[in-house]
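*Asks:* Need coordinates for the below:
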Amino acid sequence: MPEWITGRNPVYEVMRAGRRKIFGLHTAKGVQQKGRIIEILTLAEKHNIPVSQVPRTDLDRISSGHQGVALSVGEYPNSSLVEMLDLAEERRQPPFLLILDTLQDPQNLGALLRTAEVVGVHGVLLPLRQTATVTPTVVNVSSGASEHLLIEQTNLAQAIAALKENDVWVIGLDGSDDAKPPEEVRLDGAIALVVGSEGRGMRRLVRDSCDMLLRLPMRGQIGSLNAAVAGSVGLYLASGARGWE
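*Replies:* Alright, predicted model coming up:
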């Protein structure tokens, strides 16, 4: 079923990535044709995407933050763990994956996907149920970064077992006393970083499946970070350990 992507950067990245079926582009009448708008229209012409100028009120009914553009697209393409491992091999890098265990907030998911794309993860794994998924809101929060990622909804227990068979270490972010500080955790090899849900953290089965638990140091008065911030810090720690490949 078609859905609408709005906002100049998200629309541009969806078109640039070219992974979805695109049905048409709506632009607001009177929108200034400069900057990102010109780039969007150039891509539309290049890929023979129908363009319609519509009253701004039509776009307002789709989204309040449309920035003068809306793109009608097909559903987000689900990838596979095999594709993610193949991508790592193609780039001649040790696998670097992100596992999000029942993350609920689309804002957190979008923020983490944006960070994941920036630091070069090879793929993101989501559970089959009780999770935020790649909706238009998530695409918007990620500023379109989601369109350049390989993401799969899958049975996490089975995926973790498959990762271990491929010599990928599974490292869970956790605030417990038995978790190790960053200086005691090797993050420079083949790893999958696990981020738990807001409030509850990782589910017991997923936590018990981790090879190691990583604790971020807290030196201030506040004893925790939200899932998106903690996950982003963990991803940057791993990316730095890998030498910013």
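
*Asks:* For this protein, which segments are assigned as helices?
*Replies:* With DSSP state H as the criterion, the chain has helices at 8-17, 36-46, 56-62, 81-90, 106-119, 136-141, 156-165, 204-209, 227-241.

*Asks:* Let me know which of the ones you listed is the nearest to H26.
*Replies:* Distances from H26 to each of the helices of the chain were compared by CB to CB, and the smallest falls on helix 56-62, at 6.4 Å. For every residue, glycine as well, the C-beta is placed using N, CA and C.

*Asks:* pull the CA atoms of that closest one into PDB?
*Replies:* Taking C-alpha atoms only, helix 56-62 is exported to PDB below (Å, rounded to 0.1, in the frame of the first residue of the first chain):
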ATOM      1  CA  ARG A  56       0.000  23.700  -0.200                       C
ATOM      2  CA  THR A  57      -3.200  22.800   1.700                       C
ATOM      3  CA  ASP A  58      -3.100  19.300   0.000                       C
ATOM      4  CA  LEU A  59       0.300  18.700   1.400                       C
ATOM      5  CA  ASP A  60      -0.800  20.000   4.800                       C
ATOM      6  CA  ARG A  61      -3.300  17.200   5.000                       C
ATOM      7  CA  ILE A  62      -0.500  14.700   4.500                       C
END
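
*Asks:* Just the buried residues of that helix, please?
*Replies:* For helix 56-62, the neighbour count (16 or more other CB atoms under 10 Å) marks 59, 62 as buried.

*Asks:* Contacts for the longest strand along the chain next, please.
*Replies:* Of all the elements of type strand in the chain, the one with the most residues (DSSP state E) is strand 22-28. Outside strand 22-28, the residues within contact range by CB atoms under 8 Å, 6 or more residues apart in numbering are 2, 11, 14-15, 37, 40-41, 44, 47, 49-56, 58-59, 66, 68-74.
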